[in-house]
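[1] Sequence and predicted structure are below.
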Amino acid sequence: MTNMKKFQSIKLFDGYSTCFRQWRADNTHCQFLHGYAISFRVWFEGELDHRNWVFDFGGMKRAKTKIHGMSPKDYFAYLLDHTTIVAQDDPHLETFKQMSLDGIIQLRIMDSVGCEKFAEYLYTTINDFLMEETNGRVKAAKVEVYENERNSAIYEEK
C-alpha cells in the first residue's frame with residue numbers, strides 16, 4: 001500500500017463588486033441593499049500532478065470542465081461581478097426581477113444570501129468542478145469569502 005501525500009495550495013479570487021440584502025436580518029442594516037468588494041480564497045488539496053502542482057493557479061481560465069456552461073473564471077464573474085444577489089424567498093423578489101428586466105440590475109437568485117451561504121455555495125460548486133476536472137485527484141478543502149478586509153466566513157466539510 002502506498003503512502004499518498006496530500007498537499008494544499010491557496011488561490012485568492014477578487015475584484016467582484018456585489019450587492020445583496022439579507023431580508024431576514026431584522027433590526028440591522030443588513031436587511032437593506034448593500035454592496036461589498038467580494039473576494040474569496042480556495043484551499044486546493046490533493047496529490048501533486050506531473051508538474052508538482054496541486055492545482056494550476058491559472059487552471060480556472062484553461063479548464064475543460066465548465067460550470068453552468070462557462071469557464072470557472074467566467075462563471076465567478078457572472079455570479080459576483082456587478083450583480084445583485086437575493087434569496088429565492090425574498091418577499092420582494094418580483095420587484096428585483098422587474099428591475100432586472102428593466103436593465104437596472106444584473107439579478108442572481110440563490111437559495112440564501114450572506115457570507116456564510118456564499119462560502120458554502122462556492123465550496124460545493126468548486127469542489128464538484130475540481131473532482132471532475134482532476135478525476136478526483138484534487139478537492140476543495142475549504143472556501144473563505146470576504147465581504148471586506150475585516151469580515152469573512154469559511155465553509156469546509158469535515
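    Arrived safely, thanks for sending. Residues are numbered from 1 along each chain as shown.
[2] For the rest of this, base every contact and every neighbour count on C-alpha atoms.
    Fine.
[3] Can you tell me which helix or strand of this structure has the lowest average pLDDT?
    Lowest by mean pLDDT, DSSP states H and E among the helices and strands of the chain is helix 59-62, with a mean of 88.
[4] mind checking how far that one is from the chain centre?
    Here helix 59-62 is found 15 Å from its chain centre; the criterion is CA atoms, centre = their mean, to the nearest Å.
[5] And that helix, what's buried?
    If you call a residue buried by 16 or more other CA atoms under 10 Å, then helix 59-62 has these buried ones: Met60.
[6] Go ahead and flag the most central residue of this structure.
    Most central in the chain under CA atoms, centre = their mean is Leu122, positioned 3.2 Å from the mean C-alpha point.
[7] Which helix or strand contains the closest residue to His68 other than its chain neighbours?
    Closest residue to His68 apart from its sequence neighbours, by CA to CA, 6 or more residues apart in numbering: Tyr75 at 7.4 Å. For Tyr75, the host element (DSSP states H and E) is helix 72-80.
[8] mean confidence for that helix?
    Throughout helix 72-80, pLDDT has a mean value of 96.
[9] the strands in this protein, which residues?
    7-20, 34-46, 83-87, 107-110, 138-146, 152-155 (DSSP state E).
[10] so which of those comes closest to Phe96?
    Of all the strands of the chain, it is strand 107-110 that lies closest to Phe96, at 7.1 Å by CA to CA.
[11] For stretch 100-120, which residues meet the burial criterion?
    Under the neighbour-count criterion of 16+ other CA under 10 Å, stretch 100-120 has 105-109, 112-120 buried.
[12] Please consider this matter closed, and thank you.
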